[in-house]
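**Student:** Build me a structure from this.
(2 chains)
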Amino acid sequence: MGNPNYTTHLGMVDILPGDVERWHFIENLIRDTARTFHFKEIRTPILEDTGLIARGIGGDTDIVSKEMFAFERGDDRYVLRPEGTAPAVRAYIQHTLHQRGGSQKLFYIGPMFRAERPQKGRQRQFHQFGAEILGSADALADAETIALMHTLYRRLGVAHITLKLNSVGEPESRKTYREALRDYFRPHFHLLSEISQKRFDTNPMRILDSKEPEDRPLIEGAPLIREYLDADSAAHYRQLQKHLDRLGIPYEEDPYLVRGLDYYTRTAFELTSSDLGAQDALGGGGRYDLLVEELGGPATPAVGFAVGLERLLIVADALNLPLGGEKRLDVYIVTRGDEARKWALKHLRPLRDTGLSASMDLQARSMKAQMKEADREAARFVLLVGDDELASGSVTLRDMDASTEETVHFPEALRRMVGVAEG
RNA sequence: GAGCCUGUAGCUCAGUAGGUUAGAGCGCCAGGUUGUGGCCCUGGAGGCCGUGGGUUCAAGUCCCAUCAGGCUCCCCA
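**Tutor:** Purely as a prediction, here's the structure:
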């Protein structure tokens, strides 16, 4: 591919014409779906304070410990946001959105950055759609959040997806559970995989979703968190399941589902697809009742999720879902001679003012070359203007689909083209 | 951070046990039609064979390094 002087950095990709339309399609679908749930869009800066991210996500997570694009400038520490929840919560606090009353239903779409090794479905700059409900502790909020995520995929037409559901309880019950897990694994410690041995101390719950074969039999006998859930969390979990049943949203209880970010409480969920390969998570989320207070705001229960748009596109492609491509051109003006080019320049405006897309040759090429370009851009019509037309005050209107043409006055040509474009 | 694989025209790829001026299809440009697209024919432009070093009389082809990419582990969206 030659040797250009400059190329994108590792894990950063350009989205080119022909591809951009697919992004528009899903972005439109997302915004419209969020609108029907009456979630409101929020846009936050791509750069955030490093402290916010470290505090919000947790210093022990991979994201914070080794995947941040961060730099300093003067006394300020900046980081390219690796996820959207902490920034959304920051904005919620900073602008006292809780004073607006009720519970705030927010969503965002935008680029996120993590310095990981890129692979299928994972880029260093990737895009997420996320939604958050702040201010409700009710399981109804969890259900609405999940319903939004589920509706998006249903409306996209994705069929084979699995919603995994679990409750990770309150910090207290989790602490008890962690100890119970250590007690259980301790006698078998030497049988655990190397990775799991490391996690034994740091985060024994992560042993549960280990993919190492030698861990599987041990995990099957391990105590489950549901046996250690506090009464309120257990009730909340049952309530959510009833809501999901009422909504007709199928789910699979996964007692081993443990999500990577520190801030989750109670509800944890994940949407997976077999079409994705190794990175099979389409989206995931959960409840984070302590985060707002942790970041300096009023104690505010909250729940949310994020879905990866790159992965959504992969799934859509695997299913051959029509996302659309480049739009065809309505009218291309083919000219012959300088006078005709001047005529064309003047007449582009009335064409465009009616809403038609209109274009012309910018290189003074032959008519044949102009026709080829009109064809390449899938022009619906060609307006041909040369000496004859200029002399008679008319234009040749060519219907490129029907391969027919006739000579008419410009206003008449305009009327006909608008009629077809609207039909 | 680790492993495996790949790197020849804009794109998809051929390039024989290392041997003279590096190929195809598609795409692009032009001509065949001095005022017209899609099909067809003809011609053309476009490659320091990712980069650097080494082996050799000779390297796209072998070796080493490096860079980039893909997939996987880890982790996550």
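**Student:** Show me what the host helix or strand of residue A:54 is packed up against.
**Tutor:** Element membership for residue A:54 (DSSP states H and E) is helix A:50-57. Secondary-structure packing of helix A:50-57 (3 or more Cβ pairs under 8 Å, 6 or more residues apart in numbering; DSSP states H and E): helix A:62-66, strand A:76-80, helix A:85-94, helix A:291-294. To be clear about C-beta, it is placed using only N, CA and C from the backbone, and glycine gets the same treatment.
**Student:** ok, and does it reach over to RNA strand B?
**Tutor:** No. Judged by Cβ under 7 Å from any atom of the strand, helix A:50-57 stays clear of RNA strand B, getting no closer than 9.0 Å.
**Student:** Equivalent analysis for stretch A:390-403, please.
**Tutor:** Yes. Residues of stretch A:390-403 contacting RNA strand B under Cβ under 7 Å from any atom of the strand: A:396, A:398, A:400-401, A:403.
**Student:** can I get those residues in TSV with neighbour count, pLDDT and secondary structure?
**Tutor:** Output for these, formatted as TSV (neighbours: other Cβ atoms under 10 Å; pLDDT from 0 to 100; DSSP: H, G, I helix; E, B strand; the rest coil):
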residue	neighbour count	pLDDT	secondary structure
A:396	17	96	strand
A:398	21	97	strand
A:400	19	95	coil
A:401	12	93	coil
A:403	7	94	coil
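**Student:** burial count for residue A:420?
**Tutor:** Neighbour count of residue A:420, defined by other Cβ atoms under 10 Å: 13.
**Student:** same question, residue A:62
**Tutor:** Neighbour tally, residue A:62, other Cβ under 10 Å: 12.
**Student:** where's the closest residue to RNA strand B within the stretch 51-200 of chain A relative to residue A:313, distance?
**Tutor:** RNA strand B sits closest to residue A:120 of the stretch 51-200 of chain A, with a gap of 2.6 Å, by Cβ to the nearest atom of the strand. With distances taken as Cβ to Cβ, to the nearest Å, residue A:120 is found 12 Å from residue A:313.
**Student:** before we move on, what about residue A:147?
**Tutor:** For residue A:147, the distance to residue A:313 - Cβ to Cβ - is 22 Å.
**Student:** what about residue A:120 and residue A:313, which has more around it?
**Tutor:** The neighbour count for residue A:120 versus residue A:313, taken as other Cβ under 10 Å, is higher for residue A:313 (19 against 12).
**Student:** Near RNA strand B, which residues of the stretch 51-200 of chain A are found?
**Tutor:** Selection of the stretch 51-200 of chain A residues close to RNA strand B by Cβ under 7 Å from any atom of the strand yields A:61-63, A:83, A:114, A:116-123, A:126, A:128, A:195, A:199.
**Student:** any low-confidence regions in the stretch 151-300 of chain A?
**Tutor:** Where the stretch 151-300 of chain A drops to pLDDT under 70, the residues are A:211, A:259-262, A:275-279.
**Student:** For it, which segments count as helices?
**Tutor:** Secondary structure of the stretch 151-300 of chain A (DSSP state H, counting those that start in this stretch): helices at A:171-185, A:194-202, A:216-220, A:231-247, A:291-294.
**Student:** export the last one as CSV, just CAs?
**Tutor:** In other words, helix A:291-294. In CSV, the C-alpha atoms belonging to helix A:291-294 read as follows (Å, rounded to 0.1, in the frame of the first residue of the first chain):
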residue,chain,number,x,y,z
LEU,A,291,-20.7,6.3,42.4
VAL,A,292,-22.4,9.7,42.5
GLU,A,293,-21.6,10.2,46.1
GLU,A,294,-18.1,8.8,45.6
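**Student:** helices or strands up against it?
**Tutor:** helix A:50-57, helix A:85-94.
**Student:** now, of these, which is deepest in the fold?
**Tutor:** Greatest average neighbour count among the helices and strands packed on helix A:291-294 goes to helix A:85-94 (a mean of 22), per mean count of other Cβ atoms under 10 Å.
**Student:** Would you mind identifying the next helix or strand past that helix?
**Tutor:** By DSSP H and E, the next helix or strand past helix A:85-94 is strand A:104-113.
**Student:** now what about that following strand, what contacts it?
**Tutor:** Strand A:104-113 has contacts (Cβ atoms under 8 Å, 6 or more residues apart in numbering) with A:27, A:30-31, A:34, A:37-44, A:46, A:69, A:80-84, A:88, A:92, A:97-98, A:124-135, A:144, A:309.
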